[in-house]
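[1] I'll drop the sequence and a predicted model, then ask my questions.
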Amino acid sequence: MTETFDALTRLVGAGDVVVLSGAGLSTESGIPDYRGPSGVARRHTPMTYQAFTRDPDARRRYWARSHLGWRTIARAAPNAGHRAVARLQHAGLVTDVITQNVDGLHTAAGSSAVVELHGRLDEVVCLDCGNLTSRAELDRRLREANPGFDAQVAAVNPDGDVELPDEAVARFRTADCGICGTGMLKPDVVFFGETVPAARVADCFTRVERARALLVLGSSLTVMSGRRFVIRAAKLGIPVAIVNQGPTRGDGHATVTVDRPLGELLPALADRVTGPDLTGAAAGSARAEPAAV
């Protein structure tokens with residue numbers, strides 16, 4: 001057992017831990033991230049809220065690309081890392097989960113008290129009437145409006161869209177709100193150019209401030225959206241542990257940093273602090289400790 005893993009187990013084993021997770025936690029579920037080892041180089045600027053709401057062509061392009069990419073997101077299942085976080089929470093060691101991901105996999109793995117900082121892709125909001133509907137229902141409507149629509153999908157981006165040729169986008173038909181009839185539909189996620197709702201941010205700060213430790217999982221902390229919680233914790237003297245493949249912009253604030261795949265390390269961590277998982281929920285993940293941290 002290395003000193004780094006020992007330090008991590010002591011920190012988590014003492015309890016009252018808040019988890020802050022990023023895209024790196026979902027890569028083993030088949031959803032790539034932008035900056036880690038499985039990162040996808042994006043050829044186009046991500047859709048902004050301003051372009052989406054003001055430009056019908058941009059909106060059509062988004063929905064055409066997202067319609068195909070959604071199939072990968074919808075099929076994704078929690079991996080060993082998600083399940084290990086749920087085990088730590090069920091054992092009373094993790095109190096809250098703040099995730100920058102929009103895939104819903106923490107909840108699917110059995111975690112509770114999950115704050116989805118940037119929203120969820122499986123919900124759609126009408127910008128006119130405000131009603132929320134399921135992405136599955138919109139997917140059904142879009143399939144009906146676009147029979148036979150398909151294209152070669154090279155790679156799915158972490159936010160659930162794909163690259164498509166202009167000719168494929170041009171023939172795609174979008175859908176308006178099925179409740180009010182004319183409202184503009186948008187996935188219930190925070191786009192570039194939008195801000196996370198202030199009440200949600202304040203709630204996350206409250207959860208971090210009452211924690212005994214902050215555990216960052218699979219986030220490069222490149223953007224302030226997540227990094228602000230690391231900065232706040234460090235300012236208050238709350239220990240920060242970061243598990244990520246590659247360096248992060250929060251490493252200077254961390255008490256412990258571990259560079260390992262999360263699907264390998266987190267089950268080992270959960271085994272060490274809660275005992276081996278005998279339910280089979282994390283089959284194949286039981287090990288005394290990671291190979292070399």
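    That came in fine, so what should we check first?

[2] distance check, Ala170 against Met184.
    20 Å (CB to CB, to the nearest Å). Quick note: C-beta positions are derived from backbone N, CA and C, even for glycine.

[3] so where do the helices sit in the stretch 1-150 of the chain?
    For the stretch 1-150 of the chain, the helices defined by DSSP state H, counting those that start in this stretch cover 3-13, 49-54, 56-75, 80-90, 105-109, 135-145.

[4] now do the fourth one: which elements does it pack against?
    Here helix 80-90 is seen to pack against strand 17-21, strand 94-99, helix 105-109, helix 262-274 when contacts are counted using 3 or more CB pairs under 8 Å, 6 or more residues apart in numbering; DSSP states H and E.

[5] pairing partners for the second one, with directions?
    Within its sheet, and counting by DSSP bridges, strand 94-99 is paired with strand 17-21 (parallel), strand 114-116 (parallel).

[6] mind checking how far Gly81 is from Arg143?
    Distance from Gly81 to Arg143, counting by CB to CB: 32 Å.

[7] ah, wrong one, I meant Pro276
    Pro276 is 44 Å from Arg143, by CB to CB.

[8] ditto for Cys204
    Distance, Cys204 to Arg143, by CB to CB: 36 Å.

[9] between these two, which one's more packed in?
    Applying other CB atoms under 10 Å to Cys204 and Arg143 shows that Cys204 carries more neighbours, namely 22 against 12.

[10] following the strand or helix carrying the more buried one, which helix or strand comes up?
    Taking DSSP states H and E as the criterion, Cys204 maps to helix 198-209. Elements were assigned by DSSP H and E; along the chain past helix 198-209, the next helix or strand is strand 213-217.

[11] now do that next one and strand 17-21, the angle between them.
    With axes from the mean of the first three to the mean of the last three CA atoms, to 10 degrees defining the directions, strand 213-217 sits at 20 degrees from strand 17-21.

[12] now the element after strand 213-217, going C-ward?
    The first helix or strand that comes after strand 213-217 along the chain, using DSSP H and E, is helix 224-235.

[13] from the centroid of this protein, which residue is nearest?
    Asn101 (1.5 Å; CA atoms, centre = their mean).

[14] setting aside sequence neighbours, what's the nearest residue to Gly110?
    Ala86 (3.9 Å; CB to CB, 6 or more residues apart in numbering).

[15] report how many residues lie close to that neighbour.
    24.

[16] got it, and Gln100?
    As a burial measure, Gln100 scores 21 neighbours (other CB under 10 Å).
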